[in-house]
Every structure is written in C-alpha cells, then in structure tokens.
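*Asks:* Sequence and predicted structure below; questions after.
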Protein chains: 4
Amino acid sequence: MGENFGIYNLGQDEELMKYITSTNIACGYHAGDPMTMRKTVKLALQYGVAIGAHPGLPDMAGFGRRIMDISAEEIYGLVLYQIGALQAFAKAEGTSITHVKPHGALYQMANQNTAIAEAIAEAVYRIDGDVYLVGQSSSKLVKAGARVGLRTLNEVFADRNYEKDGSLTPRSHEQALIVQSKYSTERVIRMVLEHKVESRTGEEMNMRADTICVHGDSPDALEHVIQLSQALAEAEIEVVHPS
Amino acid sequence: MGENFGIYNLGQDEELMKYITSTNIACGYHAGDPMTMRKTVKLALQYGVAIGAHPGLPDMAGFGRRIMDISAEEIYGLVLYQIGALQAFAKAEGTSITHVKPHGALYQMANQNTAIAEAIAEAVYRIDGDVYLVGQSSSKLVKAGARVGLRTLNEVFADRNYEKDGSLTPRSHEQALIVQSKYSTERVIRMVLEHKVESRTGEEMNMRADTICVHGDSPDALEHVIQLSQALAEAEIEVVHPS
Amino acid sequence: MGENFGIYNLGQDEELMKYITSTNIACGYHAGDPMTMRKTVKLALQYGVAIGAHPGLPDMAGFGRRIMDISAEEIYGLVLYQIGALQAFAKAEGTSITHVKPHGALYQMANQNTAIAEAIAEAVYRIDGDVYLVGQSSSKLVKAGARVGLRTLNEVFADRNYEKDGSLTPRSHEQALIVQSKYSTERVIRMVLEHKVESRTGEEMNMRADTICVHGDSPDALEHVIQLSQALAEAEIEVVHPS
Amino acid sequence: MGENFGIYNLGQDEELMKYITSTNIACGYHAGDPMTMRKTVKLALQYGVAIGAHPGLPDMAGFGRRIMDISAEEIYGLVLYQIGALQAFAKAEGTSITHVKPHGALYQMANQNTAIAEAIAEAVYRIDGDVYLVGQSSSKLVKAGARVGLRTLNEVFADRNYEKDGSLTPRSHEQALIVQSKYSTERVIRMVLEHKVESRTGEEMNMRADTICVHGDSPDALEHVIQLSQALAEAEIEVVHPS
C-alpha cells in the first residue's frame, strides 16, 4: 500500500484496510512519497492494521519490478534507508513498524540469493531485532532472517501462480496472475490448513503459509481480500497481527 | 558532510572529522546516498563526532540550493523521511543522532518562514524530543524549535558573510563567501565571546553563536576548521558536543 | 497529454484526441516517460492532432507545479533538452513538432519573467525557427517569442479563472478551476470572438485567444472539449492546426 | 564525456579534447545534465571533435553500470529520448551528432542481446540514418546496426582487458582496467594494424578496431590519450572523424 506518488494514485488503500490485518507500505524508492507514507501510516492505525516497511529497488519508472544488478552491500544500505524512513512516520504517530517485506524485484532477488537475503536480514536486525521479516515461503530470505535472529513469516500469494520450483510465475507470463474466484480462495485455505498448493503446471508442492499476500495494485485486490477474509472466518481460521 | 553521490565525490570528510565536534550528514535528497550515509556515520563514530541529520530539498540537480515553493505540510513529510533514514544508519551502528539542521534552501526557508519552521520543528520533535534543532542565530527556526519544546542551537557561519538584516549574503553575490584568513578566524571568536559580528556592508550586529558552521564543500573548508580549532583553543574556549 | 509515468496513469488521452486539434505532450521532467511519449505521439498522429512539446520543471513529485528558483541559463538547457527528446519521438514516426508550450510553474515563470521567457524563446528558436511558441495571452513569453523571430500563439484557458491582472487564479485558490458548464463554454466563445473575458472578481479584461487550453488532468476535461468543439462549430468558428 | 552532474565534477574533459577526434557525451540518464551537455557540445565544437550521443540506463546512482532487466521496447524509447536530447544541443550550436554509442551496462546488454541491439539500432536509424552506430568489435550491436542500414564502427578498448570470449573483463574483476604503459599503447596499435589482441588470460583473438575507447573517468585517461595519439602518429596511422 501507500503506492501513490505525487499527483498519481494507485490502489484502493482505504477500502482494503477494512479487511486486512497487516500491510506493507512503500518507502519512496519504487513508489510512495512522504505525504503518502504519512497518510497510509495514519490509515493503518485508524483501522488497527499492523504496519510493515516495503522497501524496493531505486526504480520508480519500473515500479521496482525490474531486476537490477545491485551489490548486497548497496542493498543493505537502501533497505536500511527505507525502513528508517517509514519507521519515522510510524514513530511520529506514536506507533512502530511490526514487520519488513522487500518489494517486487528486490523480494525476488532476496528469496533466491543468499548474500542479498543476508544483507536485508542484517539491515532489519540492526534497526530492530523484534521486527518480523517476511519472505516467500521457505525462501533464502526467511532462512537468512532466522539465522540472524529475527522472527520470520512464510508468505504465500493469493493472486499469483507458482512454478513447480516454488518460485512465482513471472509477471511477463500470461498466467502470472490468479483472478479472484472460488478456486483462488480455496487454494489459499488449503495452503493455510494443509501447507500444500498446486503449481501453474499442476504439480503438488509444500507451501507453508504464515501470512497471505494480495497485491494492492491488482484490479481485483478488494474482491480478493473480501472473499478471503470471509472464507478464513468460515474455516474458523483466526487472522492475527504479527505482533 | 556525506555529500558524495554514486560515482561522484565531494568534500574531504575524513580530514575534516579530525577538527570538528559535530557534523551534519546529507540524507539523500539534495546529496548523499545510502552507502555514503553509512560510511559517514561510521567515520563520525570513529572520530567521536556528534551525528546530525541534514535534510534538504528534493533537488539533487540543484544541490538543494534552489528555493522551491513547497508547502509546510510536504516539508514536514520530507524532513521526517530524511531524519528517519539517517537515524537508521546511526542505530545500525549502535548510536543515535544528536541534532538536526536543515540544508541549503530549506535552511533559508525555515529561518524566514514560520509555517515551514514549525513544520520542521514538529517533525524533529515527533521523532525524538531530545534532539537539538540547529537554526540560524535568532531565526524563526530556532524560535519554532523552542516553542515545540526542543533544545535549540544558534548557528553562525565562519565562511559566509551576513547582510545587515542578519540573513546570509546570497551565494549569487560575489562576496557571499569568506575566505579563510586571520580576519575570518577573529570574526568567529568575536561572535562566540561577544555575540557581535559585522555585516558585509559594515554594520555591527548582535549574533549569538552556540555552534559554528563551515561548509564541507568550500575549497578552503579544511583550512577554516584547522585555524578555527586552534584559535578557539588559544582563546580557551572549549568546543563540546551537543550531547 | 502523455502524463502517464511508469505504472501510473493520468488523463483520458485517447478520448480527448477525438475533439482537439493540437496537444502538448509531457517530456519526462514533470510527467511522462519515453514509452508514454512514443505512445502519445502515435496517438496524435492517428487522430491528426498537431504535436507540441510541453517541457516542465524537473519535479516529478510536484508534477512541475511548484515554482523553483532556477536560473534562466539552466531553464534554457532543460527546455532544449526536453524539446529535443520529444522531437526525436516525432521524427521516429515521420513527423515533427509544430509548437512548444511550457508546463505548469515553468509556464507561469515564463509568462511573468523576461529573462526566463527569453531563455525559452531562444531554446525553441535554436531548435526550429518554424515552431510556434505558445504563451499566456499577451504575456512576456509571447512577446519574447516574437522578438526572437518565432510565430507565437496567445493562449486562453477554458477551465481556469483569471485574476484582474490577467494572471491565472492560483491552483491553491478554491475558485481556480472552472467546471464545465454553459457558462464556461460561452466564456471561451467570447474570448475567441470579442477578445474579452471577466476576471474571477468580475472585472472585464481584454484577452486575445489564438488557442484554447483544457488541462488533460481535469476531471471534466473530456466534457469541456466535447462541449467546446460543438459550441465552436455552432458559432462557425473553424479550429485549425498551428501548421 | 560530459559526465558532470549538478555540483559534481568528473573527468578532465577540456584537457582530453585536445587529443581525441570523437567523443561520446552523456545524455542525462546515467550522468550529465542539460548545462553539462551544452558546455560539452560547445567544447567539442571548439576543438573540432566529432559529437556522439552516449545514452545510458536510467540509474544515476549506479552511473549506468548496473545491468537492469529492461525490455527492448523500453530501451528503444530511452535511447531515442536521450539521442534527441543531445541532438537538440548539437543543433542549437549549429552542428549535428555524428555517432551514437550506448554507455556502460546498456553497451554490454546491447553487445550481447539481439533484441536490445536491434531496438537501439532502430532508434538510431529512425532519428538519422546517416549517424554511425558504435558497438564492441564484432558484437551483436554492430551487426544489428548493419542490418538496419546504419554505418557501424567496431570499437576496441585501450584501458580495459578482454576475456577469451571477446567480452570485456567485468569491472568487478581486479584486472578489469589496463593502466597506461608502453604495453597498453602497443596493444592498441596491434589491434589497429593487425586486428589482434591478447585476452586477459593470454589467448590470442581477432579484434577489429575502427575506433578506440578511453574512458573519461579513468584516473589515467589523459595519459592514455596523449601516449596513444603520439604512438598512432609515429605508426603513421591517421585518426579521423566518423564524418
């Protein structure tokens, strides 16, 4: 969330806030700006939603979704920078961030590259050892977080397909996105209860789900969260804050 | 300090660190980047120099020295953002910022415009009420800081001339800068001991000096700080940290 | 037009193209990006709309609407840069730009400041002496254009109020914008036929109209251009290209 | 050349101009800005040096030296944009660009990826079919240029080592750079006369040399060009403009 920039608007943050328990807020590198960060932090507080930093690559033109060949050392710096910036807005409103989740291509890089995963885990730990680190389920990022001493959350996706190696189907692929439907909701419930999911090509995989992601810029994001929160309630699964 | 950016270098930070007690570190808007912020924080720690945030206007191309018509509300946001970012680097090294000083055109705007001064004071206070706010001697910024409950520091300039209204001679004026000399050093000592200075056009003015600024990008910055630290020692004036 | 940026969309360019004869395309400083510039140039060609460069201040976060204290010399450079960039997209599609209109705060600065007006006129002339320069009706920009040897166009606004000195009512004022209505349309027709308009506060003023502006980001932009093109046709006023 | 940015300086452009016949000027994406572009074009004109556009990746913080996963379609746009911008400065001084050479990571991507090479060749051709396209010797870029109908130049490097597959030794490798010496000069003369060079690991390779690159930001750039221009003269090799 918080992906507005200057005159530009993106997503339906206020509507979504009503149905979620935690949010990842853009920190001004891939999207967002100080005014938006402030507004989104206040909105999250108002709806009792846990606030997370969503640091991204320095690529507003590409919305942080283009892999860049950046060294782990530089990633340590730009993650620290962005978390600190969001932490300031949380602090100014009398609260604090509860979790950190890298965005877009940085998330992808962190899940697959140990040096980058460790740089991010280190940055998070040095700011606040009590913050949760969110990474793709069973990824190098989750493992690096645990090694450095952070509590971690295995994330699964309600609106994205998986390849058979457990990676996300790339956005350039026509089946990357999963449209909201009975199928998409049941698929998530199964990941939560059984820790299983089917890949895009039909393979059954293990997939532990501590936290469920819906992308705020998906056209049917609101429908996803509404249906999901209802289905989770019906399955008597309680959704709680990281904190 | 910390005004490098990517491949570009500026200033002689390490040399200067040996002679100063506090530094203002660029936060990535007018200059600086995460790698430089990290390096400069570590350097300050190594030399026992107090670390301050030096937030600027979002104008790297103009080095934050061009007045922009930005609302007080937006300035609140961009100051909070930048202080938070630098605070993260301080925290990652086990320390904390001790003061905040706006940079360049933002400093000028803050010293002369009450709404902007208050927005900055508010941002600083909300992050940390124990941080010192540095403003031009007797400026609206210093007053706004005091009103909000911050400890403030009246700053004077070793390398810049004053107009008779107490403002800095604009950089576009050929006499804006004061070159290091016996005169420049004695002028500072007089501000410290007698709270008096002569304007560019010869008028005598009151000028309280809690802290003395030398610009890191001045060609003779190093000479200024060496001569000044020696003259201050000879005058038996002890220079201490804000903390 | 052409004010999209990366993932962000703004305006209804394709719909608007059907009702206008010339367009001003953002050049990547205040809005726009290469992909958008290309797409918008192609769209203009497809609808037979004359292509103009719409250079702005280097301030994407402020959409180029914040006055900046930039020297005339630098403005010469950044206008040249942006016109050249758009000209390349026009040339790549086998066409050429017909006019240049500065955007937002740069437009305002150019209309009121002779040195800036002359810097812009000089930049346009040096790229192509056959290009029209568009400025606010009777402004310093229009006069500077004529002095340097350019053909100029006096522009009036369908969706903005005027102060009694002929300047635009600032966007911060609640009556800055004129909503589409019978009144707004008749007001424009009167400027075209009689060269007269009423200021926000009721004063009658001379206002020569060679070209009529509707802002692409106004919520009722499409309604404005539809009603205007119909009213102009009914009044038997033929709207033609600058070329 | 032209790699200054705002307050930041890089390279010794004026000194180098005395010894070279053609230059590649940064276009504001990886380095450079409008003021610098103007100044560098004027400098080149003054010394009779052929002016080339040096478009780069949109990554000032990384100096355009970090590979980014950008689509060929977007690269077409950003190359067109940058060439157009530089062309405007050339035109404003009554001259024109003679060649185009992509910079840094974009050069690397263009030399190795056919789709990107073709996008760049297409962009250059659409702006001006008479402009030379400069690529690494025998690269995909040179071939794509020839296919689209451009005249091309095979470039070799005076200050960089080659791997045995003909690619440049990456900058991250400690032997990436070749310091100026009798060896470095003789190595270039041999590429020019015999079209042969030794790789970093000693393999003999074919390497056709139409144009010789010295990086303006190398610390010994000036020494390289002075020694090279002397050695080329002694070998009775006449160095001429692309034009």
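*Replies:* Cool, got the structure. On a predicted model such as this, the values are computed, not experimentally measured, just so you know.

*Asks:* which residue sits closest to residue A:62, ignoring its sequence neighbours?
*Replies:* Closest residue to residue A:62 in three dimensions, ignoring its sequence neighbours and counting by CB to CB, 6 or more residues apart in numbering or on different chains: residue C:6, at 6.4 Å. All C-beta spots, glycine's among them, are computed from the backbone N, C-alpha and C.

*Asks:* biggest helix in chain A, by residue count?
*Replies:* helix A:72-92 (DSSP state H).

*Asks:* Parallel or antiparallel, list what pairs with the very next helix or strand once past it.
*Replies:* Reading on from helix A:72-92 to the C-terminus, the next helix or strand found by DSSP states H and E is strand A:99-100. Here strand A:99-100 has these sheet partners by DSSP bridges: strand A:50-54 (parallel), strand A:132-136 (parallel).

*Asks:* How far off centre is strand A:99-100?
*Replies:* What separates the centre of strand A:99-100 from the centre of its chain is 9 Å, taken as CA atoms, centre = their mean, to the nearest Å.

*Asks:* now it: mean pLDDT?
*Replies:* Mean pLDDT, strand A:99-100: 98.

*Asks:* Wondering if the very next helix or strand once past that strand reaches chain D at all.
*Replies:* The helix or strand immediately downstream of strand A:99-100 is helix A:104-112, counting by DSSP H and E. Yes - with CB under 8 Å from any CB of the partner chain as the criterion, chain D is reached by helix A:104-112 at residue A:105.

*Asks:* Beyond the lengthiest strand in chain A, next helix or strand please.
*Replies:* For chain A, the strand that runs over the most residues, judged by DSSP state E, is strand A:151-157. Tracing the chain past strand A:151-157, the next element assigned as helix or strand by DSSP H and E is helix A:182-194.

*Asks:* contacts for the following helix or strand past that following helix?
*Replies:* For helix A:182-194, the succeeding helix or strand toward the C-terminus, using DSSP H and E, is strand A:196-198. With contacts defined as CB atoms under 8 Å, 6 or more residues apart in numbering or on different chains, strand A:196-198 is touched by A:156, A:162, A:187, A:190-191, A:204-207.

*Asks:* Please check these and keep the buried ones.
*Replies:* Judged by neighbour count, with 16 or more other CB atoms under 10 Å in any protein chain shown as the criterion, the buried members of these are A:156, A:162, A:187, A:191, A:205, A:207.

*Asks:* neighbours around the nearest residue to residue A:83 once chain neighbours are set aside, how many?
*Replies:* Taking CB to CB, 6+ apart, and ignoring the residues beside it in sequence, residue A:83 has residue A:53 as its nearest neighbour in space, at 4.4 Å. The tally of other residues near residue A:53 (other CB atoms under 10 Å in any protein chain shown) stands at 28.

*Asks:* quick one: residue A:53 from chain D, how far?
*Replies:* 20 Å (CB to the nearest CB, to the nearest Å).

*Asks:* Quick check: bridge partners of that residue?
*Replies:* Here residue A:53 sits in beta bridges with residue A:25, residue A:100, as judged by DSSP bridges.

*Asks:* and stretch A:215-232, how far out from the chain's middle?
*Replies:* Relative to the chain's own centre, stretch A:215-232 is displaced by 14 Å; criterion: CA atoms, centre = their mean.

*Asks:* What sits closest to the residue nearest the centre of chain A if chain neighbours are left out?
*Replies:* For chain A, residue A:101 is the residue whose C-alpha lies nearest the centre (CA atoms, centre = their mean; 4.9 Å). Distance criterion CB to CB, 6+ apart; nearest residue to residue A:101, sequence neighbours excluded, is residue A:134 at 3.8 Å.

*Asks:* I'd say that neighbour and residue A:212 touch.
*Replies:* No - here residue A:134 lies out of contact with residue A:212, judged by CB atoms under 8 Å, at a distance of 10.9 Å.

*Asks:* With neighbour numbers in mind, choose between those two.
*Replies:* Taking other CB under 10 Å, residue A:134 and residue A:212 do not tie; residue A:134 has more neighbours (26 against 23).

*Asks:* Roughly how far does the more buried one sit from chain D?
*Replies:* Here the distance between residue A:134 and chain D works out to 23 Å (CB to the nearest CB).

*Asks:* pLDDT score for that residue?
*Replies:* The per-residue pLDDT reported for residue A:134 equals 98.

*Asks:* Who are the contact partners of it?
*Replies:* Taking CB under 8 Å, 6+ apart as the contact definition, residue A:134 lies against A:24, A:52, A:99-101, A:152-153, A:155, A:211.

*Asks:* Over to residue A:28?
*Replies:* For residue A:28, the contacting residues are A:34, A:37, A:82, A:85, B:81, taking CB under 8 Å, 6+ apart as the criterion.

*Asks:* and residue A:236, how many neighbours?
*Replies:* Neighbourhood size, residue A:236 [other CB under 10 Å]: 6.

*Asks:* With the one 5 residues further on instead?
*Replies:* Residue A:241 is flanked by 13 other residues according to other CB under 10 Å.

*Asks:* What distance do you get for the residue nearest to it when sequence neighbours are not counted to chain C?
*Replies:* The shortest distance from residue A:241 to any residue other than its chain neighbours is 4.3 Å, reached at residue A:50 (CB to CB, 6+ apart). Here the criterion is CB to the nearest CB. By it, residue A:50 lies 25 Å from chain C.

*Asks:* Would you mind listing where chain A has pLDDT under the threshold?
*Replies:* Along chain A, no part satisfies pLDDT under 70.

*Asks:* So which bits of it are right by chain B?
*Replies:* By the rule CB under 8 Å from any CB, the part of chain A lying against chain B is A:28, A:33-35, A:37-38, A:73-74, A:76-78, A:80-89, A:91-92, A:123, A:126-127.

*Asks:* now the residues you listed: which count as buried?
*Replies:* For the residues of chain A next to chain B, a neighbour count by 16+ other CB under 10 Å gives the buried set as A:28, A:33-35, A:37-38, A:74, A:76-78, A:80-89, A:91-92, A:123, A:126-127.

*Asks:* chain center to stretch A:125-145, what's the gap?
*Replies:* Taking CA atoms, centre = their mean, one finds stretch A:125-145 lying 12 Å from the centre of the chain it belongs to.

*Asks:* Oh, that last question was meant for stretch A:7-23, not what I typed.
*Replies:* Averaged C-alpha coordinates place stretch A:7-23 at 13 Å from its chain's average position (CA atoms, centre = their mean).

*Asks:* how deep is residue A:202 tucked in, by neighbour count?
*Replies:* Residue A:202 is surrounded by 7 other residues when neighbours are defined as other CB under 10 Å.

*Asks:* Relative to residue C:185, how far out is it?
*Replies:* In this structure, residue A:202 and residue C:185 are separated by 60 Å, where distance is defined by CB to CB, to the nearest Å.

*Asks:* How about the residues of chain A by chain D?
*Replies:* Contact residues (CB under 8 Å from any CB) of chain A with chain D: A:58-59, A:61-62, A:66-70, A:105.

*Asks:* Throw the residues you listed into JSON lines and include neighbour count and secondary structure, thanks.
*Replies:* Compiled in JSON lines, those are given as follows (neighbours: other CB atoms under 10 Å in any protein chain shown; DSSP: H, G, I helix; E, B strand; the rest coil):
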{"residue": "A:58", "neighbour count": "23", "secondary structure": "coil"}
{"residue": "A:59", "neighbour count": "23", "secondary structure": "coil"}
{"residue": "A:61", "neighbour count": "19", "secondary structure": "helix"}
{"residue": "A:62", "neighbour count": "24", "secondary structure": "helix"}
{"residue": "A:66", "neighbour count": "17", "secondary structure": "coil"}
{"residue": "A:67", "neighbour count": "17", "secondary structure": "coil"}
{"residue": "A:68", "neighbour count": "23", "secondary structure": "strand"}
{"residue": "A:69", "neighbour count": "13", "secondary structure": "coil"}
{"residue": "A:70", "neighbour count": "23", "secondary structure": "coil"}
{"residue": "A:105", "neighbour count": "23", "secondary structure": "helix"}
